[in-house]
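[1] With the input below, show me the fold.
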Amino acid sequence: MNLHFVSRHPRLIPGLGLGLCALAVAAALPFAGKRKPDDVSILRRNLETVLVQQGDLVVPVSAAGIFVEKEKKLLASPSSGTIEEILVAPGTMAKKNEVVFRLSNSRLAEQAQASRVALEKANLDLKEAVLSEKIEAMAQSSRQKELERQFAIEARERDALRPLMERGIVSKLDMARADAKVGGLRSQISEQADRVALAHDLGASRIAIKEEALKQARDGLALAQQKLDELAIRSTVDGPVQDVFVELGQAVSPGEKLALVSSSNDLIAALKIPQAKAASIAHGNKATLYVQGKTVHGTVVRIDPKVRDDSVQVDVAPDEPLPFGVRAAESLAGDVEGAPTSEAVYVERADDIQPFKERDIYLLSGNELRRHRIQFGAPSGKYVEIRSGARAGDRFAVGLDQALYAKTTLTVAD
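    Here you go, the predicted model:
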């Protein structure tokens, strides 16, 4: 069939050959210069670059850690007793002032009952003293009034005898006796007034003593009742019960630990900072916490003075509410603001220059862009730390088409 095709169109073969030659020449013309066939050229005026710098830069220190309770409370037995009731178990969420244990102590119960009896007796003694003082005061007052009444009568009788004496009807002796009687009554009235005052003072003193006894009895009962009420052990914070150290029916001594309760309202981030970088961190430095996909700002509140496993624990208190559901021992990451360092190598941030990324970047060298592997570190304002792959004075090409990154070298044309 091919022979037949050639015999019917004998002029097609020379024409086809000429066409292929023309296409080959046309394809070769663009590569007739010095560039290689796979070279890609970028105009310098279209090239955007950023300069790699070195100098003072606050480079955050990255670390991992967990949330811990800012406050932990150890519940201890206030006195000896027997565990009568356990109302919580490890992991239970306890509320502040909620009863978590009940203890029994017969001695404290007896002391409370005795204190009630003593209070009742002191109350009765006070009432009796008040009543006795009133009775004594009334008796002394009545005696004084009687003397005053007799004095008034005798004084009138004496005054009536004086005209009779002057007329000689009554003797001067009888008049002298009347004056003496009136004078004696006046003295008795004065003495009785002293007795009334003394009786009032004595009664007030007895009442004050009984009132003090009543106060002491009331305080004694309050103390005994307080000790009895303390047998109902209450949680001092809102949070989970981490551990229970006793069993039902167990006898405990004063101060013996019963349970450990932690506060869930005040969590702090405990970050492990490498020992070599811990010196750049100080109290009050700002930090950024990354938890549950969200960012929370915080402040350094404590730096552990001890080094453990080549790291130092740095506690960061959140400055804003944590995401809902964050609990103690939950893991997190964070960046802690460090001291400025003059050895930092950094570059301005761009879309293709991101913190904590490792990627290929073109470095400008004369009329060429050479691809290098760059490891970026922590952000610091508008800059990003460079951990490896570049040095001060280098220039990065930014904003290039991602398709160009398949080339090792690019040419820059003027």
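[2] okay, CA-based contacts and neighbour counts for the rest of this
    OK.
[3] List the buried residues for the longest strand anywhere in the chain?
    Of all segments of type strand in the chain, defined using DSSP state E, the longest is strand 368-380. By neighbour count on 16 or more other C-alpha atoms under 10 Å, the buried set for strand 368-380 is 368, 369, 370, 371, 372, 374, 375, 376, 377, 378, 379, 380.
[4] The third one is in contact with residue 409, isn't it?
    Yes: taking contact to mean C-alpha atoms under 8 Å, the distance of 4.7 Å between residue 370 and residue 409 places them in contact.
[5] Distance of residue 383 relative to residue 347?
    5 Å (C-alpha to C-alpha, to the nearest Å).
[6] any idea how far residue 133 is from residue 120?
    20 Å.
[7] Between those two, which is the more surrounded one?
    residue 133 (21 against 15; other C-alpha atoms under 10 Å).
[8] which residue sits farthest out from the middle of this structure?
    Taking C-alpha atoms, centre = their mean, the residue of the chain most remote from its mean C-alpha position is residue 168, at 106.2 Å.
[9] so who does that residue touch?
    Residues near residue 168 by C-alpha atoms under 8 Å, 6 or more residues apart in numbering: none.
[10] looking at this, it is in a helix?
    No: when the secondary structure is assigned by DSSP: H, G, I helix; E, B strand; the rest coil, residue 168 falls in coil instead of a helix.
[11] Please report the distance of it from residue 55.
    For residue 168 relative to residue 55 (C-alpha to C-alpha), the value is 136 Å.
[12] Please, where are all the strands along the stretch 301-414 of the chain?
    311-318, 331-336, 340-348, 358-365, 368-380, 383-388, 395-398, 409-413 (DSSP state E, counting those that start in this stretch).
[13] So which of these is nearest residue 247?
    For residue 247, the closest of the strands of the stretch 301-414 of the chain is strand 331-336, at 32.6 Å, according to C-alpha to C-alpha.
[14] who touches that closest one?
    60-67, 269, 271, 281, 285-292.
[15] swap the cut-off to 6 Å and go again
    60, 61, 62, 63, 64, 65, 66, 287, 288, 289, 290, 291 (C-alpha atoms under 6 Å, 6 or more residues apart in numbering).
[16] Filter these down to the ones in strands?
    Using DSSP E, the contacts of strand 331-336 in strands are 61, 62, 63, 64, 65, 66, 287, 288, 289, 290, 291.
[17] how many other residues sit next to residue 94?
    What residue 94 shows, counting by other C-alpha under 10 Å, is a neighbour count of 24.
[18] I'd like the distance between it and residue 87.
    Taking C-alpha to C-alpha, one finds residue 94 at 10 Å from residue 87.
[19] again, but for residue 400
    Taking C-alpha to C-alpha, one finds residue 400 at 67 Å from residue 87.
[20] same question, residue 371
    67 Å.
[21] Same question for residue 104.
    15 Å.
[22] neighbour count winner among those two?
    residue 104 (19 against 11).
[23] Do I have it right that residue 270 meets residue 65?
    Yes: under the criterion of C-alpha atoms under 6 Å, residue 270 makes contact with residue 65 at 5.4 Å.
[24] Of the two, give the one with the bigger neighbour count.
    Neighbours per residue (other C-alpha under 10 Å) separate residue 270 from residue 65, with residue 270 holding more: 28 against 20.
[25] Kindly confirm my reading that that one is in a strand.
    Yes: using three-state DSSP, the assignment for residue 270 is a strand.
[26] which residues touch the nearest residue to it once chain neighbours are set aside?
    Counting by C-alpha to C-alpha, 6 or more residues apart in numbering, residue 270 lies nearest to residue 315, which is 4.6 Å off, once chain neighbours are set aside. Neighbouring residues of residue 315 by C-alpha under 6 Å, 6+ apart: 269, 270, 300, 301, 302.
[27] On the strand side of things, show who residue 315 bridges to.
    On the basis of DSSP bridges, residue 315 is bridged to residue 270, residue 302.
[28] Distance of it relative to residue 180?
    Distance of residue 315 to residue 180, given as C-alpha to C-alpha: 99 Å.
[29] what's the distance between the host helix or strand of residue 151 and the middle of its chain?
    Per DSSP states H and E: residue 151 is located in helix 106-166. Relative to its chain's centre, helix 106-166 lies at 63 Å (C-alpha atoms, centre = their mean, to the nearest Å).
[30] Please work out the average pLDDT along that helix.
    Over the span of helix 106-166, the pLDDT mean works out to 93.
[31] packing partners for the helix or strand following that helix?
    On the C-terminal side of helix 106-166, the closest following helix or strand by DSSP H and E is helix 172-229. Secondary-structure packing of helix 172-229 (3 or more C-alpha pairs under 6 Å, 6 or more residues apart in numbering; DSSP states H and E): helix 106-166.
[32] got the angle between the helix it packs on and helix 172-229?
    If you take axes from the mean of the first three to the mean of the last three C-alpha atoms, to 10 degrees, helix 106-166 sits at 170 degrees to helix 172-229.
[33] For stretch 172-181, C-alpha coordinates in CSV please.
    Only the C-alpha atoms of stretch 172-181 are listed here, as CSV (Å, rounded to 0.1, in the frame of the first residue of the first chain):
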residue,chain,number,x,y,z
LYS,A,172,-33.7,72.7,177.6
LEU,A,173,-32.8,69.1,178.3
ASP,A,174,-35.7,67.8,176.3
MET,A,175,-34.8,70.2,173.5
ALA,A,176,-31.2,69.0,173.6
ARG,A,177,-32.4,65.4,173.3
ALA,A,178,-34.6,66.3,170.3
ASP,A,179,-31.6,67.9,168.6
ALA,A,180,-29.4,64.9,169.3
LYS,A,181,-32.0,62.6,167.8
